[in-house]
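S.K.: this one's sequence-less:
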């Protein structure tokens, strides 16, 4: 959708409904779950880690519980962290978009890249759950960027659809 068409949509959307934090949170929550599913598929097609490196969310899960987990438990805990972060990020995005439509810029791609910068390039690397970005290969970095752009775009499409239905 062009920038002009997107602005027309935002104006029409604003004029037809009142802002609602709860509806924004709910639409974003649903969007975050759908976007997490899309990101997971994208990472299967173009995986960011191909040499057996642990998933950052699995490492984070172990840090949260304070001890090593059995491999099956580690995978399950990592998935729980992944889906929890995706749902929470989506809900936050939905609430922000409700009051600041500029947050939906570039059909959600900007949101996806901002999320990548916040998680992979800051929080996860500070917590020791992900490698520093200067230690990543180009392939790892482009895979992360691509999957986060997909996350953001899917989140925006689903958020917009669900919010229109509410």
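M.R.: Alright, I've got the coordinates. None of the values given here were measured: they were computed from a predicted structure.
S.K.: Low-confidence regions, the chain specifically.
M.R.: Along the chain, the parts satisfying pLDDT under 70 run over 1-17, 121-135.
S.K.: all helices for this structure, in order.
M.R.: 3-16, 21-45, 56-65, 71-99, 109-118, 124-126, 138-165 (DSSP state H).
S.K.: Run the chain-centre distance for the last one.
M.R.: Relative to the mean C-alpha coordinate of its chain, helix 138-165 is positioned 7 Å out (C-alpha atoms, centre = their mean, to the nearest Å).
S.K.: What is that helix packed up against?
M.R.: Applying 3 or more C-beta pairs under 8 Å, 6 or more residues apart in numbering; DSSP states H and E, we find helix 138-165 packed against helix 3-16, helix 21-45, helix 71-99, helix 109-118. Any C-beta I mention is one placed from the backbone N, CA and C, and that applies to glycine too.
S.K.: Relative to residue 165, which of those is closest?
M.R.: helix 21-45 (8.4 Å; C-beta to C-beta).
S.K.: which other residues reach stretch 86-104?
M.R.: Outside of stretch 86-104, the residues within contact range by C-beta atoms under 8 Å, 6 or more residues apart in numbering are 6, 10, 13-14, 19-21, 23-36, 39, 108, 110-111, 115, 151, 155-156, 159-160, 163.
S.K.: at 7 Å instead, please
M.R.: Among residues not part of stretch 86-104, those counted as contacts by C-beta atoms under 7 Å, 6 or more residues apart in numbering are 10, 19-21, 24-25, 27-29, 31-33, 35-36, 111, 115, 155-156, 159.
S.K.: If any of the residues you listed are buried, put those into a ChimeraX selection.
M.R.: To isolate in ChimeraX the members of those that are buried, counting by 16 or more other C-beta atoms under 10 Å, one can use:
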select :24,25,27,28,29,31,32,33,35,36,111,115,155,156,159
